[in-house]
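>>> build the 3D model from these lines:
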Amino acid sequence: MESAGNRLGVLAQLSQAISSSLDLDDVLLRIARAAADLLNAPIVEFWMPEPRTDFLTLRVSSAPQIVSGKSVTRLRAGEGGVGWVAEHRRNLNIPDIASDVRIRAVDWFEKRGLTSGLWVPILLEDELVGVLTILGCRPFLLDADEQALLKSVVAQGAAALRNATLFRESERRRQEAEALAETGRILSQALDPHEVGRRITDRICRALAGSSASLFRYDPLTATLVTLAVSGTAGPFSEGIAFPLDVGVVGLAVRERKIIVTNDVLRDPRVRVPDEMRAELATAGHRAVMSLPLIAHDVVIGGLSIRDDVVGREFAARLAHDCRQLPFSH
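Numbering: from 1, shown residues only. Next comes the predicted model:
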């Protein structure tokens, strides 16, 4: 192992890199390579959980030339050393990979002389944000200094991931704000209503990462909502289709004149979904929905829905509030 002075110098350099760089892969690669040198390990990897799934994928390796032919770069929670740590959220130290039934693709390790492994969860506020994998040619019997070093490496990885998360959130909010501002500009232009509707739904759908979005016009003569424009998969909401106010999430939003959010429309007792619409929603994958009424001068003129095919997606309350700031909702 490196001397104490060298270790401190390396860790200080990593701290500076973390604070000055927005490139997550670059920072993680620096941490992985430094950890490999400091712990005398041939390979150090960072695995990251995939959003809205129970899988983890290999994000960065200290030795990309070695892992380029790796057969397993994606694991479900519970699978392999990475998946075991993701599921149990505690360290896993395996001195003999070949004899442990939890490890997959053992032949890949054997061909490269990798006989042992150490897997460590990376947590931020009790949320798993990554798994650090250290692979070696000898069992990892860490002394007190090495254990302290490992904790420092994990902390560096957590800091890099925290910074990346904060940056992504800031960038997402910026994009959402731009989308909503552009929507307001579109609404203020004297354009064909269908063209306006298509531009609005396309922009909102992209910015909010939904699978589809629909804009509805309220027809007071028939007390129905008519689909004006759709972005993404239409499902039962094709343009020109009218349906009564007691149907769907957007109907509920218009009736109650407030934002309605559901993470699974097919299981929400507040929402009436006729059988034929239920089948179309299931096929289209429209499960998580946020709908809001469009109100002008205290009169409901329509509704807007953003949908996602991921059951359980939670639309942020802040996002719903921002949508209410559009010109047509005052």
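>>> assign the residue located most distally from the centre of the chain to helix, strand or coil.
Relative to the centre of the chain, the most outlying C-alpha is that of residue 221, 42.6 Å out, by Cα atoms, centre = their mean. Using DSSP: H, G, I helix; E, B strand; the rest coil, the three-state assignment for residue 221 comes out as coil.
>>> list the residues that contact it.
If a contact means Cβ atoms under 8 Å, 6 or more residues apart in numbering, then residue 221 has no contacts. The C-beta positions use only the backbone N, C-alpha and C, and glycine is treated the same way.
>>> may I have the phi/psi pair for it?
Phi and psi for residue 221, reported as degrees, to the nearest 10, are phi -70, psi -40.
>>> distance of it from residue 242?
Taking Cβ to Cβ, to the nearest Å as the criterion, residue 221 is separated from residue 242 by 11 Å.
>>> strands of the stretch 151-300 of the chain, start to end?
Taking DSSP state E, counting those that start in this stretch as the test, the strands found in the stretch 151-300 of the chain are 212-219, 224-232, 242-244, 260-262, 288-296, 299-308.
>>> contacts for the longest one?
In other words, strand 299-308. With Cβ under 8 Å, 6+ apart as the test, strand 299-308 has contacts from 200, 204-205, 208-218, 225, 228, 232, 235, 237, 248-251, 253-254, 257, 286-295, 315, 323, 328.
>>> quick one: low-confidence ranges for the stretch 201-330 of the chain?
In the prediction, the stretch 201-330 of the chain carries residues with pLDDT under 70 at positions 207-209, 234-235, 285, 310-330.
>>> how many neighbours does residue 64 have?
12 (other Cβ atoms under 10 Å).
>>> and the pLDDT at the residue nearest to residue 103 when sequence neighbours are not counted?
Excluding its sequence neighbours, the residue lying closest to residue 103 (Cβ to Cβ, 6 or more residues apart in numbering) is residue 97, at 5.1 Å. Note on residue 97: pLDDT of 94.
>>> same check on residue 39?
84.
>>> begin at 45 from here
Got it, first residue is 45 now, which makes that one residue 83.
>>> how about it, what does it touch?
Counting by Cβ under 8 Å, 6+ apart, residue 83 has contacts 45, 178, 180, 184, 190, 193-194, 197.
>>> 7 Å - rerun?
Each residue near residue 83 by Cβ atoms under 7 Å, 6 or more residues apart in numbering is listed here: 178, 190, 193.
>>> buried ones among the residues you listed?
Taking 16 or more other Cβ atoms under 10 Å as the criterion, what is buried in these is 178, 190, 193.
>>> hang on, the earlier thing: ok, which of the strands of the stretch 195-344 of the chain comes nearest residue 71?
Taking Cβ to Cβ, strand 343-352 is the member of the strands of the stretch 195-344 of the chain nearest to residue 71, at 30.2 Å.
>>> sheet partners, orientation included, of that closest one?
strand 256-263 (antiparallel), strand 332-340 (antiparallel) (DSSP bridges).
>>> only the buried residues of that strand, if you could.
For strand 343-352, by 16+ other Cβ under 10 Å, it's 344-352.
>>> ok, of these, which one's closest to residue 82?
When the buried residues of strand 343-352 are compared for distance to residue 82 (Cβ to Cβ), residue 352 comes out closest, at 42.6 Å.
>>> name the nearest residue to the closest one, ignoring sequence neighbours.
residue 332 (4.3 Å).
>>> next one: residue 122
residue 131 (4.7 Å).
>>> what helix or strand is the one you found on?
Using DSSP states H and E, residue 131 sits within helix 124-132.
>>> residues contacting the strand or helix carrying residue 166, please?
Secondary structure assigned from DSSP H and E places residue 166 in strand 160-168. Residues outside strand 160-168 that contact it (Cβ under 7 Å, 6+ apart): 125-126, 129, 133-141, 172-180, 182-184, 194, 198, 201-202, 205-206.
>>> quick check, residue 190 in a strand?
No: per three-state DSSP, residue 190 lies outside any strand segment and is helix.
>>> would you mind measuring from it to residue 139?
Residue 190 sits 15 Å away from residue 139, going by Cβ to Cβ.
>>> same check on residue 82?
20 Å.
>>> more neighbours: those two, which one.
Ranked by neighbour count (other Cβ under 10 Å), residue 82 and residue 139 place residue 82 first, with 20 against 15.
>>> looking at it, that one is touching residue 193, isn't it?
Yes: counting by Cβ atoms under 7 Å, residue 82 touches residue 193, with 5.8 Å between them.
>>> what count of nearby residues applies to residue 131?
Neighbours around residue 131, by other Cβ under 10 Å: 15.
>>> correction: residue 286
Count around residue 286 with other Cβ under 10 Å applied: 13.
>>> you'd agree it is up against residue 270?
Yes: with contact defined as Cβ under 7 Å, residue 286 and residue 270 form a contacting pair (4.6 Å).
>>> that'll do, ta.
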